[in-house]
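> this is the structure alone, sequence omitted:
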């Protein structure tokens with residue numbers, strides 16, 4: 001009975017003290033991400049349903065990443081001018097309409113163009129959302145507020161691919177309608193439960209502060225480079241890994257969806273408590289280094305595993321723990337280096353680095369797989385993880401010496 005009480009107390013403490021607005025924002029994200037059905041199956045849809053080549057599928061995903069860069073830049077710029085609330089609302093609502101439109105596109109040029117616009121609109125949400133969480137939370141629980149936000153995203157991720165796999169078994173067109181509907185529903189719920197917040201008026205002093213450039217923070221720029229390398233490796237499980245599960249392990253769409261949902265379920269159950277228990281014990285970069293090495297281990301395992309379903313599930317468990325040690329502490333790192341007057345700049349640049357990774361990840365993966373096959377690519381990916389881990393560790397040593 002005592003261990004049970006201790007576990008209940010640990011979960012209660014991990015979730016206590018967060019602002020109500022933070023909870024409402026996370027609920028909106030949960031609804032939105034529960035409809036994440038199109039992107040996890042995009043490469044499978046393009047190659048198996050529309051009969052595109054793997055190279056063409058990689059180009060489509062590159063369009064997604066390019067649009068994300070435009071969206072992140074636009075979202076950060078608009079957040080400073082019209083406020084983070086309006087950017088989030090219109091990004092969600094318009095993204096829903098664009099997902100439905102994407103389902104009606106069938107030619108390669110049409111899909112490339114629609115994916116680019118969809119990603120541009122959708123990723124404007126990310127920097128605005130980062131600024132919103134910082135605005136709604138207190139400094140002492142900001143890291144947990146971001147973790148709750150990630151929990152909502154990943155809990156939705158555990159539901160979306162699983163439902164998406166079932167819907168895809170009947171009709172891929174259902175994926176686009178379901179994804180679009182949940183985006184618009186999330187926007188409406190946001191309007192109902194989180195009243196509009198006007199853009200804050202800026203004093204003359206604030207305008208002078210905003211002239212300080214994030215590019216002057218050399219530690220942060222190096223951090224973004226290594227984070228981007230890590231993301232290129234990590235994002236393989238959103239693009240090339242599902243294709244590997246389909247073509248090499250011969251899993252059906254519903255089985256791919258269930259395996260992908262392991263990621264969200266583990267994050268939902270473990271991450272908040274893990275952060276509450278570990279936060280502050282070591283510098284953020286030490287945790288990030290360990291996470292990158294765990295992602296490396298996952299891809300090494302993928303390169304030698306036999307083609308059976310259980311190994312696919314084990315891969316998802318390993319890479320999820322690598323993600324949990326990396327991404328929450330990355331958020332903590334950039335938040336600590338930013339200030340109130342330039343947090344939007346830091347958030348936008350952080351989002352852009354991941355958008356670049358969204359371009360490089362599927363295109364490089366598709367190119368290598370096309371020419372060398374899956375398993376050599378997993379070895380190369382593992383090497384990229386080691387490089388990023390070494391970079392994070394070097395940055396930590398550099399900061400200690402400074």
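Arrived safely. What you are looking at is a predicted structure, and each value in this text was computed from that prediction instead of being measured.
> for the stretch 101-250 of the chain, just list every one of the helices.
Along the stretch 101-250 of the chain, the segments classed as helices by DSSP state H, counting those that start in this stretch run 108-123, 125-136, 142-170, 172-193, 204-209, 218-234, 236-247.
> so for the fifth one, mean pLDDT?
Spelled out, that is helix 204-209. Average pLDDT, helix 204-209: 49.
> now swap in stretch 369-387 and tell me
92.
> on that earlier part again, select, out of the helices of the stretch 101-250 of the chain, the one closest to residue 98.
helix 108-123 (4.2 Å; C-beta to C-beta). (Glycine included, C-beta is placed from N, CA and C.)
> now what about the closest one, what contacts it?
By C-beta atoms under 8 Å, 6 or more residues apart in numbering, the surrounding residues in contact with helix 108-123 are 46, 50, 52, 56, 59-60, 63-72, 74-75, 91, 94-95, 98-99, 101-102, 105, 351, 355.
> go again with 7 Å.
52, 56, 59-60, 63-64, 66-68, 70-72, 74-75, 91, 94-95, 98-99, 101-102, 105, 351, 355 (C-beta atoms under 7 Å, 6 or more residues apart in numbering).
> how about low-confidence regions in the stretch 301-402 of the chain?
In the predicted model, the stretch 301-402 of the chain carries pLDDT under 70 at residues 340-341, 402.
> same thing with the chain?
1-7, 10, 35-36, 139-140, 157-158, 195, 197-212, 340-341, 402.
> OK, contacts around residue 184?
Residue 184 sits in contact with 93, 96, where contact means C-beta under 7 Å, 6+ apart.
> quick check: it vs residue 70, distance?
22 Å (C-beta to C-beta, to the nearest Å).
> correct me, but residue 254 touches residue 166?
Yes: taking C-beta atoms under 7 Å as the definition, residue 254 is a contact partner of residue 166 at 5.5 Å.
> still on that earlier bit, can you say which of the helices of the stretch 101-250 of the chain is nearest to residue 328?
Of all the helices of the stretch 101-250 of the chain, helix 142-170 comes closest under C-beta to C-beta, at 5.2 Å.
> counting by contacts, list what that closest one packs against.
Packing contacts for helix 142-170, counted by 3 or more C-beta pairs under 7 Å, 6 or more residues apart in numbering; DSSP states H and E, involve helix 20-33, helix 125-136, helix 172-193, helix 253-266, helix 272-278, helix 309-337.
> most tightly packed of the ones you listed?
Mean neighbours per residue, mean count of other C-beta atoms under 10 Å, is largest over the helices and strands packed on helix 142-170 for helix 125-136, with a mean of 24.
> against which helices or strands is that one packed?
By 3+ C-beta pairs under 7 Å, 6+ apart, helix 125-136 packs against helix 20-33, helix 54-82, helix 84-102, helix 142-170, helix 343-372.
> 10 Å - rerun?
In this structure, helix 125-136 makes packing contacts with helix 20-33, helix 54-82, helix 84-102, helix 142-170, helix 172-193, helix 309-337, helix 343-372, judged by 3 or more C-beta pairs under 10 Å, 6 or more residues apart in numbering; DSSP states H and E.
> quick one: distance of it to the chain centre.
14 Å (C-alpha atoms, centre = their mean, to the nearest Å).
> angle of it against helix 309-337?
Relative orientation of helix 125-136 versus helix 309-337 (axes from the mean of the first three to the mean of the last three C-alpha atoms, to 10 degrees): 60 degrees.
> how much space between residue 261 and residue 39?
In terms of C-beta to C-beta, residue 261 sits 14 Å off from residue 39.
> just residue 273 next, same as before
28 Å.
> over to residue 343?
27 Å.
> cool, residue 187 as well?
18 Å.
> just give me how far stretch 28-42 sits from the chain centre.
That offset, for stretch 28-42, works out to 11 Å (C-alpha atoms, centre = their mean).
> end to end, how far does that stretch reach?
24 Å (C-alpha to C-alpha, to the nearest Å).
> hang on, isn't residue 283 packed against residue 290?
No: using C-beta atoms under 10 Å, residue 283 is not in contact with residue 290; the gap is 11.4 Å.
> shared neighbours, the two?
Residues touching both residue 283 and residue 290 (C-beta atoms under 10 Å, 6 or more residues apart in numbering): residue 329.
> residue 13 and residue 344: what is the separation?
Residue 13 is 31 Å from residue 344, by C-beta to C-beta.
> the more surrounded of these two?
residue 344 (24 against 12; other C-beta atoms under 10 Å).
> pretty sure that one is touching residue 80, no?
Yes: using C-beta under 10 Å, residue 344 is in contact with residue 80, at 5.4 Å.
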